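Colleague: sharing a model prediction with you, sequence too.
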Amino acid sequence: MDNGIGTDLQSQLAAVTAERDQLAQEKADIQDILLRRQAEFENFKRRTERERSEFVQYAGSELVRDLLPMVDDFERALKVECASKDYAKGIELIYNRMLDTLKKAGLEPIDTAGKVFDPHLHQAVERVNTEEAEDNAILGEFQRGYHFKGKLLRPSMVKVAVRP
């Protein structure tokens, strides 16, 4: 009989040990799932914050893009001879104030004077055969291009030299 009680006790011990091992494995699986979910959530938070930050940073780009035709109009107005010097000075003051405000918001004009044509920054509107300038040199600017906070907002429209 002693042998039967020992066998019963051993089988109960084996069952308890198996249950303990199963519970330990379930606990480890749950902890693994929890750690993965926490990592996913942290990644989600970082991605959402980055997207929000980019949205806030570049949200003004559409407004600035819509204002660029007015900047162009002011530049054309400044090139026209005017009988009233005070009127011309007023137009220039308004233009400078608007341009300064846009620059503070992140607008940066693209400089084309003396530069070589770059298809990433310039749009060639006219190509001129000439031997007086280097190949692909920018000869003139029809419309100024701009960056907004480091991103191209509008390419410069330029006249480009082509060697025959």
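Modeller: Yes, it's here.
Colleague: ok, what's across the strand from Phe148?
Modeller: Leu107, Lys151 (DSSP bridges).
Colleague: distance of it relative to Met157?
Modeller: Distance of Phe148 to Met157, computed by C-beta to C-beta, to the nearest Å: 17 Å. Where C-beta positions appear, they are placed from N, C-alpha and C, glycine not excepted.
Colleague: more neighbours, these two?
Modeller: Neighbour count, other C-beta atoms under 10 Å: between Phe148 and Met157, Phe148 has more, with 21 against 17.
Colleague: settle this for me: that one is touching Pro109, isn't it.
Modeller: No. Judged on C-beta atoms under 8 Å, Phe148 makes no contact with Pro109 at a distance of 10.8 Å.
Colleague: mind naming the longest helix for this protein?
Modeller: helix 2-58 (DSSP state H).
Colleague: which parts of the next helix or strand after that helix are buried?
Modeller: Note on helix 2-58: by DSSP states H and E, the next helix or strand toward the C-terminus is helix 60-79. Neighbour counts over helix 60-79 (16 or more other C-beta atoms under 10 Å) mark Gly60, Ser61, Val64, Leu67, Leu68, Val71, Phe74 as buried.
Colleague: list the contacts of the fourth one.
Modeller: When contacts are counted by C-beta atoms under 8 Å, 6 or more residues apart in numbering, Leu67 is found next to Met98, Leu102.
Colleague: just the pLDDT for it.
Modeller: In this prediction, Leu67 carries a pLDDT score of 93.
Colleague: so where's this protein shaky on pLDDT?
Modeller: Scanning the chain for pLDDT under 70 picks out the ranges 1-4.
Colleague: how does this structure divide into domains?
Modeller: 1-58, 60-162 (automatic domain parsing).
Colleague: can you say which of those domains is packed in most?
Modeller: Sort those by mean neighbour count, taking mean count of other C-beta atoms under 10 Å, and domain 60-162 sits at the top with a mean of 14.
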